[in-house]
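S.K.: Need a 3D model of the following:
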Amino acid sequence: VTRLEVRTGSSVPGSLALGAVDDPDLTRAVAADIGRRLVARGVTLNWAPSADVNSNPDNPVIGSRSFGADPELVARHTVAYVEGLQSAGVAACVKHFPGHGDTDVDSHLAMPRIGVDRDTLTARELLPFRAAIAAGTRSVMSAHILVPALDPELPGTLSPAVLTDLLRAPVAEGGLGFDGVVVTDGMEMDA
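M.R.: Next up, the predicted model:
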């Protein structure tokens, strides 16, 4: 995925390739290079990286934007990407909170539902976000997904249970303690 080299394709490896190589120093260097290119164009916020654990092979939307299917690997590379990007002066935005990897529905077209229990959510989906927050990510993007273990009625983007009680609540109260900027995208999406 690239916006700077849309005509020719990206000259740097994408997230899935970086995860396959599993060299966090390389991921950090790639993100720093992207950050330098963005700063040169006056951009100071990048809606990346994807912190989604691509645990569902039928996922039609995350795919190569994820570092992989292993939560520890995704956490390692999400942190490296955040550090590299922000070392260049560009704010990172980890997405799609609370995790868009275990779905077989494209949120651009319909409402995905992540039907895992709270323990699975904590161990798998939330691990990379927790690591990115600890690494100092400046921003988190919410997901247009329904996670009944957190809120059976409202999608993450609109849910106080997801954005306030989980993302913003202090760690001592079971939250992630994030106090940075929360954004979303594509409110016209059918989800």
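S.K.: For whichever helix or strand residue 16 is part of, name the packing helices and strands.
M.R.: Assigning secondary structure by DSSP states H and E places residue 16 in helix 15-21. Helices and strands touching helix 15-21, by 3 or more C-beta pairs under 8 Å, 6 or more residues apart in numbering; DSSP states H and E, are helix 24-40, helix 71-87. C-beta coordinates here come from the backbone N, C-alpha and C atoms, glycine included.
S.K.: Out of these, flag the one nearest residue 135.
M.R.: helix 71-87 (4.4 Å; C-beta to C-beta).
S.K.: Which residues does the very next helix or strand once past the closest one contact?
M.R.: Helices and strands here follow DSSP H and E; after helix 71-87, the next one along the chain is strand 91-97. Strand 91-97 has contacts (C-beta atoms under 8 Å, 6 or more residues apart in numbering) with 31, 44-52, 62, 78, 81-82, 85-86, 107, 128-129, 132, 137-145, 156, 162, 167, 181, 183.
S.K.: hmm, which of these are the buried ones?
M.R.: Buried members of the contacts of strand 91-97, counted by 16 or more other C-beta atoms under 10 Å: 31, 46-52, 62, 78, 81-82, 85-86, 107, 128-129, 132, 137-145, 156, 162, 167.
S.K.: out of these, which are inside helices?
M.R.: Among the buried ones among the contacts of strand 91-97, the members found in helices (DSSP state H) are 31, 78, 81, 82, 85, 86, 128, 129, 132, 162.
S.K.: with those in mind, which one is nearest to residue 9?
M.R.: So of these, ranked by how close each gets to residue 9 (C-beta to C-beta), first place is residue 31, at 18.1 Å.
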